[in-house]
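Participant: attaching a predicted model along with its sequence, questions to come.
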Amino acid sequence: MQITIAKLAQALGAKAVGDVDQLISGPCEPGAAAAGLIALAMDESYSEALQQSDASAAILWQGADWKALGLSAAIFVPRPRYALSGITAVFGVEPEIAKGIHPTAVIDPSANIGENPSIGPFVVIGKGVKIGPNARILSHSSIAENAMIGANALIFEGVRIRARVKIGDDFICQSNAVIGGDGFSFVTPEAGAIEAARSMSQEITGGTDEYARINSLGTVVIGDRVEVGANTTIDRGTISNTVIGTGTKIDNLVQVGHNVKVGKHCLLCGMAGIAGSAVLHDRVILGGNAGVMDHVIVGANSIATGKAAILSNVPPNRVMMGNPAVPMKTSIESYKALRRLPRLAQKLADLEKQVSKLDTTE
């Protein structure tokens with residue numbers, strides 16, 4: 001596609017200057033700029049790369065001298081990273097999937113598919129399934145019995161949506177995610193090693209040779225405008241449902257355990273893990289590889305940095321860091337103190353030597 005500088009600026013709610021009628025076909029990095037592309041140079045640090053390129057147009061930082069940079073046109077945006085969302089939306093490439101239902105799709109006669117569907121090859125849709133209008137379901141995905149999905153769903157290849165799962169409107173799910181699988185719930189006939197560990201026992205007297213399954217009778221309930229990344233798994237609840245709130249975005253390789261409640265507009269970054277029955281209130285952010293212990297409650301607006309291990313309840317509006325996670329300032333001070341330990345140990349050894357040489361005969 002091609003679009004004028006003027007129309008792109010209008011889409012971004014931004015100001016355009018110079019030859020705003022020139023056509024561009026997409027964005028590029030400043031160092032790779034060429035005719036027909038618009039360089040994303042939204043910070044002054046890109047100035048040198050921009051000048052050394054063949055850029056004729058760029059999206060610039062506020063106050064930049066676009067003429068001195070050798071440009072014929074420029075767009076100025078107030079919040080560069082937010083503008084990136086609009087830019088990628090304008091030039092986004094939609095998945096190629098034909099309208100209608102592919103002849104190799106297997107759809108139970110009792111399923112209710114909304115108008116204007118695009119359902120790809122080898123998709124399997126079970127009995128009693130309800131799917132809203134404008135669904136796009138790519139090849140080899142499966143939706144099990146009595147699942148419900150709202151309008152405008154975009155489900156990529158190989159997704160597994162299990163029985164009775166309920167999903168709202170504008171859902172996006174990347175390849176190979178599994179929603180509604182069994183929770184990891186097992187129990188021993190007698191109190192065993194796990195109970196001993198939880199009681200802070202210093203010694204485990206023995207393990208167990210048998211685990212009894214606790215079946216997952218609940219399901220997964222997902223709100224509107226939720227996105228789920230590739231290879232992410234969201235387990236269904238044991239008795240109550242696992243819940244993902246409206247507007248929440250989940251990255252790749254995230255594990256959400258059984259009975260977990262995730263609030264609205266949360267961000268769960270790659271490889272984060274939430275153990276069973278934990279609760280995340282609204283707008284919580286988990287950094288990459290962060291973990292939340294079972295039954296723990298994380299208050300609204302809190303952030304866990306990458307690799308943070310949340311082992312106890314977190315009040316609202318906290319930034320947590322470390323393992324075990326503590327307030328970020330405390331974690332940083334603890335780390336600084338830890339780095340000083342070798343030096344302190346050496347000072348102590350030197351003092352011990354001095355004391356040992358003192359004449360104690362008097």
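Facilitator: Arrived safely.
Participant: for residue 113, which non-adjacent residue is spatially closest?
Facilitator: residue 131 (5.2 Å; C-beta to C-beta, 6 or more residues apart in numbering). Using the backbone N, CA and C atoms, a C-beta is placed for each residue, glycine as well.
Participant: state the distance from the one you found to residue 222.
Facilitator: Going from residue 131 to residue 222 by C-beta to C-beta, to the nearest Å gives 14 Å.
Participant: who has more neighbours out of those two?
Facilitator: residue 222 (28 against 24; other C-beta atoms under 10 Å).
Participant: list the residues that contact that one.
Facilitator: Taking C-beta atoms under 8 Å, 6 or more residues apart in numbering, we find residue 222 in contact with 165-168, 171, 179, 234, 243-244.
Participant: and of the residues you listed, the nearest to residue 62?
Facilitator: Minimum distance to residue 62 across those is 36.5 Å, recorded for residue 171 (C-beta to C-beta).
Participant: check what pLDDT that closest one gets.
Facilitator: Among the per-residue scores, residue 171 shows a pLDDT of 98.
Participant: residue closest to the middle of this protein?
Facilitator: residue 251 (2.8 Å; C-alpha atoms, centre = their mean).
Participant: was I right to think that one contacts residue 269?
Facilitator: Yes. Here residue 251 reaches residue 269: they are 4.9 Å apart, a contact under C-beta atoms under 8 Å.
Participant: any residues in contact with both of the two?
Facilitator: Residues touching both residue 251 and residue 269 by C-beta under 8 Å, 6+ apart: residue 288.
Participant: measure the residue nearest to residue 113 to residue 141 for me?
Facilitator: Taken as C-beta to C-beta, the span from residue 131 to residue 141 is 11 Å.
Participant: just residue 197 next, same as before
Facilitator: Relative to residue 141, and taking C-beta to C-beta, residue 197 is found at 40 Å.
Participant: run through the protein and note the low-pLDDT ranges.
Facilitator: 201-202, 205-206, 359-362 (pLDDT under 70).
Participant: longest helix anywhere in it?
Facilitator: Secondary structure of the chain per DSSP state H: the longest helix is helix 328-356.
Participant: ok now that one, how far from the chain's centre?
Facilitator: Relative to its chain's centre, helix 328-356 lies at 39 Å (C-alpha atoms, centre = their mean, to the nearest Å).
Participant: repeat for stretch 14-24
Facilitator: Its chain's C-alpha centre and that of stretch 14-24 lie 35 Å apart, by C-alpha atoms, centre = their mean.
Participant: same check, this time on stretch 6-14
Facilitator: Centre-to-centre, stretch 6-14 and its host chain are 28 Å apart (C-alpha atoms, centre = their mean).
Participant: ok, and the closest non-adjacent residue to residue 186?
Facilitator: In this structure, residue 186 finds its nearest non-sequential neighbour in residue 211, 4.0 Å apart by C-beta to C-beta, 6+ apart.
Participant: and residue 189, how far is that from residue 209?
Facilitator: For residue 189, the distance to residue 209 (C-beta to C-beta) stands at 10 Å.
Participant: ok, residue 3 next?
Facilitator: Using C-beta to C-beta, we find residue 3 at a distance of 67 Å from residue 209.
Participant: compare neighbour counts for those two and give me the winner.
Facilitator: A direct count of neighbours by other C-beta under 10 Å for residue 3 and residue 209 places residue 3 higher, at 17 against 6.
Participant: OK, contacts around the more buried one?
Facilitator: By C-beta under 8 Å, 6+ apart, the contact set of residue 3 is 11, 23-24, 90.
Participant: separation between it and residue 20?
Facilitator: Applying C-beta to C-beta to residue 3 and residue 20 gives a distance of 11 Å.
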